[in-house]
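Participant: Sequence and computational prediction follow.
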Protein chains: 4
Amino acid sequence: MTESSFSSARAKRPSPRARGTAKRAARSEGAAHTRVTTEPGRKRGGDKRERILSAAVRVFAKNGFYATRVSEVAKAAGVADGTIYLYFKSKEDLLVSLFESRVEKLLSFMKGELPKHATAPERLRAVIEMQLGLLEGERDLAEVVTVILRQSTKLMKEYAHPRFLAYLDSIARIIQDGQASGEFRRDVSPHLVARAAFGALDGVALTWALGRAEQGALRRSAGQVADLFLRGLRP
Amino acid sequence: MTESSFSSARAKRPSPRARGTAKRAARSEGAAHTRVTTEPGRKRGGDKRERILSAAVRVFAKNGFYATRVSEVAKAAGVADGTIYLYFKSKEDLLVSLFESRVEKLLSFMKGELPKHATAPERLRAVIEMQLGLLEGERDLAEVVTVILRQSTKLMKEYAHPRFLAYLDSIARIIQDGQASGEFRRDVSPHLVARAAFGALDGVALTWALGRAEQGALRRSAGQVADLFLRGLRP
Amino acid sequence: MTESSFSSARAKRPSPRARGTAKRAARSEGAAHTRVTTEPGRKRGGDKRERILSAAVRVFAKNGFYATRVSEVAKAAGVADGTIYLYFKSKEDLLVSLFESRVEKLLSFMKGELPKHATAPERLRAVIEMQLGLLEGERDLAEVVTVILRQSTKLMKEYAHPRFLAYLDSIARIIQDGQASGEFRRDVSPHLVARAAFGALDGVALTWALGRAEQGALRRSAGQVADLFLRGLRP
Amino acid sequence: MTESSFSSARAKRPSPRARGTAKRAARSEGAAHTRVTTEPGRKRGGDKRERILSAAVRVFAKNGFYATRVSEVAKAAGVADGTIYLYFKSKEDLLVSLFESRVEKLLSFMKGELPKHATAPERLRAVIEMQLGLLEGERDLAEVVTVILRQSTKLMKEYAHPRFLAYLDSIARIIQDGQASGEFRRDVSPHLVARAAFGALDGVALTWALGRAEQGALRRSAGQVADLFLRGLRP
DNA sequence: AATGAATGAGAATTCATTCAT
DNA sequence: TATGAATGAATTCTCATTCAT
């Protein structure tokens, strides 16, 4: 249960000019996530991709996905409109890539941390603290993950949902382990607990992100939420 | 603390031909939710507004707010495109109205139920069961409330946020009461608990709505979530 | 040359319900002025037609033809939107009818007055004073005639132009008579003078209507303009 | 008093992608004529603006402002619909710009010519000949200036009126000078004469433009109109 | 005759995406 | 690779006109 819950595939990105006649194609595409990709960075193109992504988090977080113009992202990134299409297939692909690149980071970190904790309660607390802790570091990211992502229904249903379920699974497995070892009560569904826990954290992060977003507030909240759940799960 | 947290104002709706008054008014309005309203169409236009709203829940839930065309809603409602603008100022107004009309219903129900429960734990359990129970009745509504609403960032920030906070407040007050009476432990922030509880329910409803949405599943989950929180709050 | 320059045809108006399926037809219609008409006024329907016309002058003068909504005219006239279509075939027909009813009045007045003046110079002066004098009485009308009418290009070209030419003709004939009798110099084209005179009056009325429209100003101007032209025409 | 009455500002034009700045700006602007401007497209977009303007004169002159579809202008200019919005903020802005660009030309020409004439009568004759002469060169322009411009009431009142008054002023000043030097009679108001003269020319041009528009006719008329006024003004 | 709710064709404008340079 | 002018499909909303009552 220490392995990542998010597949780490899709580390590649489209190489400039791999674009076909995709125009308006997205409307009917079944899967938005199959993208042609190539090694980008001869010279220092990877830099530009990153610049675009980081501009995108900021702008998406501020205005939402739909209200954001591709040209705004370009401007914020300091590149030409067309350049964005050298690195991303479409506006939506930009959102997916954003989500991926950020979540990937979050998950790989988690994957490294979890093994350090021996008991299920400790691991659950660690997950909770990590989720809020990581979001706190990047408010824009928190907003993207908690709010923006939900703006693209298609994205949500097709792309994010499976990854999200995988993440939930990894939490559920912690609960399961705890139940097996007698650390947690057995009369609750591990998956339900996982969903409730994730939702609780998401809700806390959401109000935080939409509100004043005080520094340190999320981290402090983490302890209480962990407490609440750990007590609630006590046999 | 039994009084509703949502103002029940705005129970009126615009009658056809409020046009000219409503026209573009939103552009400059500070609050997008103050709308001119009148008796619904006498004659036989009375149910049009409701028909449009209920078509909107369905279509929005299926495709999301942005991906839904006004003409699709019109078609689903069996009216002409223009008719929608007789009852709603804009596409966005339709979403707000939808949210309002539904949430209003949910809240007034809650307002009536809560007083029937004597202790804070019972009231918390009641809230949890009601939130999930009511959503279960209308899957589309659940999706609108948990997903779609977040699609309009402006809506979320300007309109829904305050109402949402008011709802959270009413939950927080239950916690507070319980802490005052010694029924709940005092070392957690009532507001934090409220946010976590709401988030947990939202998360459970979200996965339910996006997933298979089995009948009865939500109601069954409610008990476990309530249990989790009540135990977690035990002094 | 005392006979009216405007045909007095078209004194009839459409009777309620004579309407066919004219919808959008105007787009392709060649002649906008052929209208079915009937005696209206059993009871007192004529009153209503007049009320609509007079509301229309006011509203058109204020906002221009295109910027005016049929519903605004209806409101100003105190009738329902649909009622307008009982008396006028279309919005454009309303403008034409307006023009006609007003111009008719002006012309019949002129027809009665001219014979009272014996010499060509006196008649020219009378025409000038009448044109400005009548406009001064109704500022809104002045605006409709000088500005609004030009807004409907089709109207201008198809309907108003011939009538306008007829009016010019009647002025030209005064000049011609004067030249024949030796009262006016003969080295200018009567039609050119007529156009110039009409334009001069129109220009004076236009700036007056668009400006402060002081009472009495137009009448005072008339004398000077008449003077200018009469001197200019002196043999 | 030989200096031009029209400010020659606004010689610049928006470059493509001034979007975002210009967007909807007019809605709140007090003066609709302050527009962001930049060097026209380098590369090869340079003549696009001009091509659009000249297509617009043609189409507006033919169908009138309101009856003209933006797509028609685009087609006539040989560009895509959207391209128009790269150079003009809106359809109305296109009309204003048209007026400006043309009138500017006319006025700067006049500014250069007037000083060549020594006496007030000569200058008045020059103005008359120029106004008609320049219009004759471009029939479409004549129509735009005499008819189309009046179609946008807002335009007329907000934008054109002040410029128009300034032009009248410059004519009035010629009259005034003539009166001061004893070349013109003093018992007429210079401004009234200016308005009458402009109106006369406008009227002549209007019937010419709406009629057969024979080559040379306007120029020939100019002499007679000038004669008429000069004689009429003789002390 | 009158009403006004409903209609739906139509039009301006936007903006993701392309492609010539 | 990068640019940004150009494209044009698509979408919201308006409003003249109709027609059931």
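Facilitator: On my side now, so go ahead. Residues are numbered from 1 along each chain as shown, chains lettered A, B, ... in the order given.
Participant: just the helices in chain A please.
Facilitator: A:45-63, A:70-77, A:81-87, A:91-113, A:120-137, A:139-146, A:153-154, A:161-180, A:190-210, A:217-233 (DSSP state H).
Participant: Reformat those helices as TSV; add distance to chain B and mean pLDDT.
Facilitator: To be clear about C-beta, it is placed using only N, CA and C from the backbone, and glycine gets the same treatment. What follows is the helices of chain A, written out as TSV (distance: least, CB to the nearest CB, whole Å; pLDDT from 0 to 100):
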stretch	distance to chain B	mean pLDDT
helix A:45-63	6	89
helix A:70-77	14	98
helix A:81-87	20	98
helix A:91-113	11	84
helix A:120-137	10	91
helix A:139-146	8	75
helix A:153-154	3	70
helix A:161-180	6	90
helix A:190-210	2	91
helix A:217-233	3	95
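Participant: tell me the contacts of the closest residue to A:Leu124 other than its chain neighbours?
Facilitator: Ranked by CB to CB, 6 or more residues apart in numbering or on different chains and with sequence neighbours excluded, the top spatial neighbour of A:Leu124 is A:Ile174, at 5.3 Å. Counting by CB atoms under 8 Å, 6 or more residues apart in numbering or on different chains, A:Ile174 touches A:1, A:120, A:123-124, A:127.
Participant: Just the buried subset of the residues you listed, written out for ChimeraX, thanks.
Facilitator: Filtering the contacts of A:Ile174 down to the buried ones (16 or more other CB atoms under 10 Å in any protein chain shown) takes a single ChimeraX command:
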select /A:120,123,124,127
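Participant: any idea which of the contacts of A:Ile174 is the one closest to chain D?
Facilitator: A:Val127 (42.6 Å; CB to the nearest CB).
Participant: so what's the closest residue to the closest one other than its chain neighbours up against?
Facilitator: Leaving aside its sequence neighbours, A:Val127 sits nearest to A:Ile171 (CB to CB, 6+ apart; 6.1 Å). Going by CB under 8 Å, 6+ apart, A:Ile171 touches A:124, A:127, A:193-194, A:197-198.
Participant: Output these in JSON lines, with distance to DNA strand E appended to each entry.
Facilitator: Formatted as JSON lines, those follow (distance: CB to the nearest atom of the strand, whole Å):
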{"residue": "A:Leu124", "distance to DNA strand E": "40"}
{"residue": "A:Val127", "distance to DNA strand E": "35"}
{"residue": "A:Val193", "distance to DNA strand E": "40"}
{"residue": "A:Ala194", "distance to DNA strand E": "35"}
{"residue": "A:Ala197", "distance to DNA strand E": "36"}
{"residue": "A:Phe198", "distance to DNA strand E": "31"}
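Participant: For stretch A:176-188, measure first residue to last.
Facilitator: 10 Å (CA to CA, to the nearest Å).
Participant: contacting residues around it?
Facilitator: A:1, A:119-121, A:123-124, A:175, A:190, A:233-235, B:224, B:227-228.
Participant: what's the most distant pair in the residues you listed?
Facilitator: Within the contacts of stretch A:176-188, A:Met1 and B:Asp227 form the most distant pair, 24.4 Å apart (CB to CB).
Participant: follow-up on the earlier one: of the helices of chain A, which approaches DNA strand F most closely?
Facilitator: DNA strand F lies closest to helix A:81-87 among those, at 1.9 Å (CB to the nearest atom of the strand).
Participant: touching chain D at all, that closest one?
Facilitator: No: judged by CB under 8 Å from any CB of the partner chain, helix A:81-87 makes no contact with chain D; its nearest approach is 8.6 Å.
Participant: Flag every buried residue along that helix.
Facilitator: A:83-87.
Participant: What is the burial count for A:Ala80?
Facilitator: Neighbour count for A:Ala80, taken as other CB atoms under 10 Å in any protein chain shown: 12.
Participant: Quick check: nearest residue in space to it, chain neighbours excluded?
Facilitator: Per CB to CB, 6+ apart, closest to A:Ala80 is A:Ala74, 6.2 Å.
Participant: how close does A:Phe60 sit to A:Ile148?
Facilitator: 5 Å (CB to CB, to the nearest Å).
Participant: now swap in A:Lys89 and tell me
Facilitator: Relative to A:Ile148, and taking CB to CB, A:Lys89 is found at 19 Å.
Participant: higher neighbour count, these two?
Facilitator: Using other CB under 10 Å, the more surrounded residue of A:Lys89 and A:Ile148 is A:Ile148, with 28 against 25.
Participant: Check the gap between that one and A:Arg220 for me.
Facilitator: Counting by CB to CB, the gap from A:Ile148 to A:Arg220 is 25 Å.
Participant: circling back to that earlier point, isn't the residue nearest to A:Ala80 up against A:Leu86?
Facilitator: No: A:Ala74 lies out of contact with A:Leu86 (CB atoms under 8 Å); the separation is 11.2 Å.
Participant: where does A:Gly30 land on pLDDT?
Facilitator: With respect to pLDDT, A:Gly30 scores 37.
Participant: Do any residues in stretch A:53-73 lie close to DNA strand F?
Facilitator: No: using CB under 7 Å from any atom of the strand, stretch A:53-73 stays clear of DNA strand F, coming no nearer than 8.0 Å.
Participant: In space, not sequence, find me the middle residue of chain A.
Facilitator: Residue closest to the average C-alpha location in chain A (CA atoms, centre = their mean): A:Val103, at 3.7 Å.
Participant: Against A:Leu135, how distant is it?
Facilitator: 11 Å.
Participant: what touches both of the two?
Facilitator: A:Val145.
Participant: nearest spatial neighbour of the closest residue to chain D within chain A, skipping sequence neighbours?
Facilitator: As assessed by CB to the nearest CB, chain D sits closest to A:Ser71 within chain A, at 7.3 Å. Excluding its sequence neighbours, the residue lying closest to A:Ser71 (CB to CB, 6+ apart) is A:Asp81, at 5.1 Å.
Participant: The residue of chain A closest to chain D: neighbour count?
Facilitator: 14.
Participant: next one: the one 5 residues further on
Facilitator: The tally of other residues near A:Ala76 (other CB under 10 Å) stands at 18.
Participant: Once you drop chain neighbours, what's closest to it?
Facilitator: Going by CB to CB, 6+ apart, A:Ala76 has A:Ala55 as its nearest residue, at 3.8 Å.
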